[in-house]
Structures are given as C-alpha cells and as structure tokens.
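S.K.: my questions concern the predicted model and sequence given below.
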Amino acid sequence: MKFTLHTKETAPDASKPILDQTEKNYGFIPNIHGILGESPVALSAYAHITDQLQENGALNAQEQQIAMLAVSETNGCDYCMAAHSVVAGMSKVPEETVNSLREGKEPPDPKQAALVRFIKAVLEHRGWVPEDAQQAFLDAGYTKRHVLDVLSVVSLKTLSNYTNHLAQTPLDAAFEGHRWSRKG
C-alpha cells in the first residue's frame with residue numbers, strides 16, 4: 001500500500017493547521033506527521049495525545065521517552081526507535097538507558113526498569129496485566145494515574161508504529177544518526 005508523504009500544501013484542509021503547528025514546534029514536519037496527515041483524525045489524535053502527555057502527564061519527560069522507546073522496540077518500529085532515540089537524548093535520558101532500550105533490555109535504573117516491565121506486560125497481555133505485574137509497578141513508586149498515562153503512550157505509539165509499518169515511513173535526516181532495525 002502506497003501512502004502519500006503530505007506537506008502543508010498537499011494535506012487535507014483539516015490537517016494543514018496541525019502540520020503548520022508541528023513545523024513551528026519541531027522546525028520541520030517529521031515524516032510520520034506527513035503520513036498521518038492523510039487522515040485529519042489520525043493526525044489530530046497523535047498531536048493531541050502528545051500535547052496532553054507533555055502538558056499534563058504524570059510521567060516525566062524522561063519516563064515518557066523511555067515508555068515510547070519500550071513500546072516501539074516491542075513493536076519493532078524502525079522509524080520510532082530512531083526518532084525517540086533522538087528525542088530521548090534531548091530529554092536528557094542517559095545514553096546508557098537509550099542503548100539498553102534499543103537492545104531490548106531494561107534500563108539500569110530500577111524504577112525505569114519497572115516502567116519498562118509494566119509496558120511489556122501491557123503489550124504482551126493486551127491490557128490483561130497480571131495482578132503481580134500491576135503491583136510491582138505500583139511498588140516501584142507509580143500510581144494509577146501513571147497506569148493510565150502508560151496506556152496513553154501505548155495508544156499513541158501503537159498508532160504511529162503501525163502507521164510506520166504499513167506506510168514504510170522514510171526516516172527523516174534529523175533521525176538518521178540513530179537508525180535502528182530489529183535484530184533477528
């Protein structure tokens with residue numbers, strides 16, 4: 001299936017203001033946004049969840065990026081792994097942590113490792129997370145609000161990961177230095 005990599009000029013009218021804001025925020029329109037621009041609903045959902053996580057999320061900026069990398073690694077999304085490796089660095093996630101996540105391993109920090117284990121349990125069990133895994137997440141210092149924010153990240157990254165799989169989204173030059181591909 002061939003998708004159009006939209007610009008502000010080629011996108012449907014309802015996507016244009018979102019792409020314009022994206023360009024103002026990032027200095028360019030990342031290719032995932034150009035692909036999502038085909039559907040104002042998908043682009044709006046992606047932009048809105050991202051904004052809400054940044055503005056009102058219980059997970060801090062580093063935890064959000066760790067969560068996005070954990071979901072994207074589990075889903076095998078080359079594009080999102082590269083993009084979030086860059087953004088994680090900008091969010092001051094330690095390089096050792098980013099490298100661990102890129103290798104499918106837990107971060108060295110115990111609380112961050114608990115976050116990754118919980119995310120993997122959510123994905124593996126499709127939301128039917130075993131009680132002991134839920135409790136381990138809470139015991140690590142997270143709350144029910146964090147649980148719902150994790151589900152928001154999972155929703156956001158599932159939208160972008162699956163879009164990238166179907167569209168074979170080309171990697172932006174800004175993320176090229178962090179190119180990734182699933183091993184095995």
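M.R.: Perfect, thanks for sending it.
S.K.: and the next helix or strand past the helix or strand harbouring residue 111?
M.R.: Here residue 111 sits within helix 110-124, counting by DSSP states H and E. Downstream of helix 110-124, the next assigned helix or strand under DSSP H and E is helix 131-139.
S.K.: mind checking how far the very next helix or strand once past that following helix is from the chain centre?
M.R.: Using DSSP H and E, the helix or strand that follows helix 131-139 in sequence is helix 144-167. Put simply, helix 144-167 sits 6 Å off its chain's centre (Cα atoms, centre = their mean, to the nearest Å).
S.K.: please parse the chain into its domains.
M.R.: Domains of the chain are assigned by automatic domain parsing as 13-56, 61-158.
S.K.: tell me which of the ones you listed sits nearest to residue 180.
M.R.: Among the domains of the chain, the nearest to residue 180 by Cβ to Cβ is domain 61-158 (3.8 Å). C-beta here means a position set from N, CA and C on the backbone, and glycine is covered the same way.
S.K.: and for residue 30, the neighbour number?
M.R.: If you count neighbours by other Cβ atoms under 10 Å, residue 30 ends up with 20.
S.K.: spatially nearest residue to it (excluding sequence neighbours)?
M.R.: Nearest residue to residue 30 in three dimensions, chain neighbours excluded: residue 172, at 5.5 Å (Cβ to Cβ, 6 or more residues apart in numbering).
S.K.: against residue 79, how distant is the closest residue to residue 170 other than its chain neighbours?
M.R.: Distances taken as Cβ to Cβ, 6+ apart place residue 31 nearest to residue 170, at 5.6 Å, with adjacent residues excluded. Computed as Cβ to Cβ, to the nearest Å, the residue 31 to residue 79 distance reads 7 Å.
S.K.: neighbour count: the two, which is higher?
M.R.: Shown here are residue 31 and residue 79; by other Cβ under 10 Å, residue 79 has more neighbours (26 against 21).
S.K.: next up, the contacts around that one.
M.R.: Residue 79 makes contact with 31, 32, 160, 164, 169, 171, 175 under the criterion Cβ atoms under 8 Å, 6 or more residues apart in numbering.
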